[in-house]
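Student: Need a 3D model of the following:
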Amino acid sequence: MQQTMRRLAKGLAAAVAVAVIGHGPVLAASLGSLSVANDSVYQSAVAASDALDYPAALAYLTQSLTTNPDNGEAYLARAWIDLVLDVPSQAVSDATQAVSLLRASSVCDQYLPEDSPLLAVSGNSYLSSYPSSLYGTGSILNGTSLYATTNILSGTTTGSTTGTSTSANSSGTTASGTTASGTTSTGTAAGTTSTGAVTSSATTSGTSSTSASSSLFASSSGSQNLPVAEDLTDKDKEKNETMNEYNETMTKVAMASAYCGGTYVKNLEKLVTGYTLLGDAYLAQGSYANAQLAYNAALALDEDNAKATGGLGLTYIGQGAGSAALSTLNLAVTYDPTLPNVYVDRASYWVAIGDPGRAQEDDNTALSLDAGYARAYDALGRLRYDAGSYQAAIAEYDKALAAQPSYVAALKHRAKAWQALATANPAQAATYQQYAQNDLDKASSLQKLVTTSATASSSSSSVSYSSTAATTTTTTTSTLPSALDSGIR
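Tutor: Next up, the predicted model:
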């Protein structure tokens, strides 16, 4: 039993050390030790994005990420712009990077249940390097014990001790907030040092070391150290030393899991946005299964989120599940009837089943809620185009581009309408073809800005996060259903 306990303690200590020590400073920056409010360049990027000046916003984001490559919010902002500029592959990469940083995946994913939707979409294979007991049997974040007889978050454990010791007055606080007096340790687990004054006829020995992550999980003074008195047998001393090591390690695990719980609470809204953007990016690629995983991850964090629910409904359209699509899209409207996105989402369903009248009703409802919602004008333009009314379609695309001048999907759709007009009117074909080429050239130049920004910032990243989604059988089409081809939601 004591050998098993010692192996477990060392294994857990190694896992926590690898996760915390290896990435400590990075996580401190990404999880809030560095406030984005103090990053003036990032704030300039936000202001430029709000003003729809995406070229300037991308330039600022590149500079911000070069200085601080672990700013999850900056990746989130760039993922949004990637979608406006219709570069979904880069949006997948940026949104994945954003949620990895915002959820502290290198440390905190090990505390998630094995079947967590967040792990399903992230596809983090490194979890296999951790002891399976860390995540296979339950989530420490939910207070689930690694052992049936031990509640980690309560800071209690089992074991017996004999002997006496005298301790200097000291106190420590465990992850659950319990204060223990006179309990300090000179030993370490996983290279993290905690010190204290303890007088005893025999003390626990250990090797002291420091690490860059000491500011995160340095203190284990709240752990319950068992005395090792001279009148104990060697076997009892070894057992108590093992229990001391186990208790100290469990305290650090509890501190780490509490830290991760706080991280999820702090970044919850941004994580929901990030997973929804990731779903939008996959949707724009026609990767409906991966999009579904991403929206499910967003809904695992916010089950009534209307935008993520609407996105989920769109994945059902892409996969041909009509009844599931409509019920999900109706649910999204129920969740937030004031959100214009959900009506344009549902309009996509009416288009898919050949009911343009009801699609137009929903698109117009969206515009009644937000007269500047470019996606609704783009959707109306595609309805006009599908009906063969190319001039009317161009008029709608003009409105979309007036609201969102860098809306690349609308530029491409308008180019297509100009080309259709050229075919229908040979006498003016050259003029219309030139208009089409102008739109395509502008779209191409905007998309190159994304590539330039991504290339410039990727070389400065100080930590590698996987941007590859979970291995999933995906449905990818080179030509999307017209109802889903909008670039950004």
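
Student: Going by residue numbers, what spans are helices in the stretch 351-489 of the chain?
Tutor: Counting by DSSP state H, counting those that start in this stretch, one finds helices in the stretch 351-489 of the chain at the ranges 356-369, 374-386, 390-403, 408-424, 429-458.

Student: Likewise for the stretch 201-350 of the chain?
Tutor: According to DSSP H, counting those that start in this stretch, the helices that the stretch 201-350 of the chain contains are 214-217, 234-266, 268-285, 288-301, 306-318, 322-335, 340-352.

Student: before we move on, what about the stretch 1-150 of the chain?
Tutor: 2-28, 40-50, 54-67, 72-84, 88-102, 105-108, 117-122.

Student: so Gln97 sits right up against Tyr75, yeah?
Tutor: Yes. Counting by CB atoms under 8 Å, Gln97 touches Tyr75, with 4.5 Å between them. In short, each C-beta sits where N, CA and C put it, glycine included.

Student: rewinding a little: would you single out the least confident of the helices of the stretch 1-150 of the chain?
Tutor: Ranked by mean pLDDT, the helices of the stretch 1-150 of the chain end with helix 2-28 at the bottom, a mean of 42.

Student: Okay, domains of the chain per the record?
Tutor: 2-142, 166-255, 288-484 (automatic domain parsing).

Student: Would you single out the least confident of these?
Tutor: domain 166-255 (a mean of 50).

Student: Now do Gln391: how many residues are near it, please.
Tutor: By the criterion of other CB atoms under 10 Å, Gln391 has 11 neighbours.

Student: Who's the closest spatial neighbour of it, skipping the chain neighbours?
Tutor: Leu421 (7.1 Å; CB to CB, 6 or more residues apart in numbering).

Student: List the contacts of the one you found.
Tutor: Tyr390, Gln391, Ile394, Gln428, Tyr432 (CB atoms under 8 Å, 6 or more residues apart in numbering).

Student: And Ala387, how close does it get to Pro356?
Tutor: 7 Å (CB to CB, to the nearest Å).

Student: Also Ala454?
Tutor: Where Pro356 is concerned, Ala454 sits at a distance of 38 Å (CB to CB).

Student: Name the residue in the two with the higher neighbour count.
Tutor: Ala454 (20 against 16).

Student: Touching, that one and Ser93? I think so.
Tutor: Yes. Taking CB under 8 Å as the definition, Ala454 is a contact partner of Ser93 at 7.2 Å.

Student: Overlap of the contact sets of these two?
Tutor: Joint contacts of Ala454 and Ser93 (CB under 8 Å, 6+ apart) do not exist.

Student: okay, now Ala429: neighbour count?
Tutor: Neighbours of Ala429 using other CB under 10 Å come to 14.

Student: no, scratch that, I was asking about Ser93
Tutor: Quick note: Ser93 (other CB under 10 Å) scores 22 neighbours.

Student: same thing with Thr334?
Tutor: Around Thr334 there are 12 residues (other CB under 10 Å).

Student: Next, work out how far apart it and Ala258 are.
Tutor: 36 Å.

Student: One more: Ala400?
Tutor: Taking CB to CB, one finds Ala400 at 47 Å from Ala258.

Student: Settle it for me: which of those two has more neighbours?
Tutor: Neighbour count, other CB under 10 Å: between Ala400 and Ala258, Ala400 has more, with 26 against 19.

Student: give the contact list for that one.
Tutor: Ala374, Arg375, Tyr377, Asp378, Gly381, Tyr407, Ala410.

Student: so who does the first one touch?
Tutor: Counting by CB under 8 Å, 6+ apart, Ala374 makes contact with Lys399, Ala400, Leu401, Ala403, Gln404, Tyr407, Ala410.

Student: Would you mind giving those residues as a markdown table with distance to Asn330 added?
Tutor: Putting the contacts of Ala374 into a markdown table (distance: CB to CB, whole Å) gives the following:
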| residue | distance to Asn330 |
| --- | --- |
| Lys399 | 27 |
| Ala400 | 26 |
| Leu401 | 31 |
| Ala403 | 27 |
| Gln404 | 27 |
| Tyr407 | 27 |
| Ala410 | 27 |
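
Student: List just the nearest of the residues you listed to Val121.
Tutor: Tyr407 (26.9 Å; CB to CB).

Student: Just give me the neighbour total for that closest one.
Tutor: For Tyr407, using other CB under 10 Å, the count is 29.

Student: Equivalent analysis for Ser327, please.
Tutor: Other residues near Ser327 come to 12 when the count uses other CB under 10 Å.

Student: What's the separation between it and Trp418?
Tutor: Distance from Ser327 to Trp418, by CB to CB: 38 Å.

Student: repeat for Asn330
Tutor: 36 Å.

Student: Tell me which of the two has more neighbours.
Tutor: Neighbour count, other CB under 10 Å: between Asn330 and Trp418, Trp418 has more, with 24 against 15.

Student: quick one: contacts for the nearest residue to that one once chain neighbours are set aside?
Tutor: Nearest non-adjacent residue to Trp418, counting by CB to CB, 6+ apart: Ala436, 3.7 Å away. Contacts of Ala436 were listed using CB under 8 Å, 6+ apart, and they are Arg414, Ala415, Lys416, Trp418, Gln419, Ala422.

Student: give me that answer again for 6 Å
Tutor: Ala415, Trp418, Gln419 (CB atoms under 6 Å, 6 or more residues apart in numbering).

Student: do the same with Asp363
Tutor: Residues near Asp363 by CB under 6 Å, 6+ apart: Val344, Ala347, Ala376, Ala379, Leu380.

Student: Tell me how many other residues surround the second one.
Tutor: Ala347 has 28 neighbours, counted by other CB under 10 Å.

Student: That one touches Ala359, doesn't it?
Tutor: Yes. Taking contacts as CB atoms under 6 Å, Ala347 lies within contact range of Ala359: 4.1 Å.

Student: Now rank the contacts of Ala374 by neighbours and give me the top one.
Tutor: Ala410 leads these on contacts (other CB under 10 Å) with 31 neighbours.

Student: nearest residue to that one other than its sequence neighbours?
Tutor: In space, Ala410 is closest to Ala400, 4.1 Å off (CB to CB, 6+ apart).

Student: Same check on Arg358?
Tutor: Nearest residue to Arg358 in three dimensions, chain neighbours excluded: Trp350, at 4.2 Å (CB to CB, 6+ apart).

Student: Repeat that for Ala300.
Tutor: Pro117 (4.2 Å).

Student: how far away is Ile48 from Ala98?
Tutor: Quick fix: residue 48 is Ala, not Ile. 18 Å.

Student: what's the answer for Val450, then?
Tutor: 15 Å.

Student: For the two, indicate the residue with more neighbours.
Tutor: Ala98 (30 against 24).

Student: was I right about Leu271 contacting Leu102?
Tutor: Yes. Taking contacts as CB under 6 Å, Leu271 lies within contact range of Leu102: 5.4 Å.

Student: These two: which has the busier surroundings?
Tutor: Ranked by neighbour count (other CB under 10 Å), Leu271 and Leu102 place Leu102 first, with 27 against 24.

Student: Contacts only, for that one.
Tutor: Gly72, Asn267, Lys270, Leu271.

Student: Also Asp362?
Tutor: By CB under 6 Å, 6+ apart, the contact set of Asp362 is Tyr343, Arg346, Ala347.

Student: Need those residues in CSV (columns: distance to Lys307).
Tutor: Formatted as CSV, the contacts of Asp362 follow (distance: CB to CB, whole Å):
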residue, distance to Lys307
Tyr343, 12
Arg346, 13
Ala347, 15
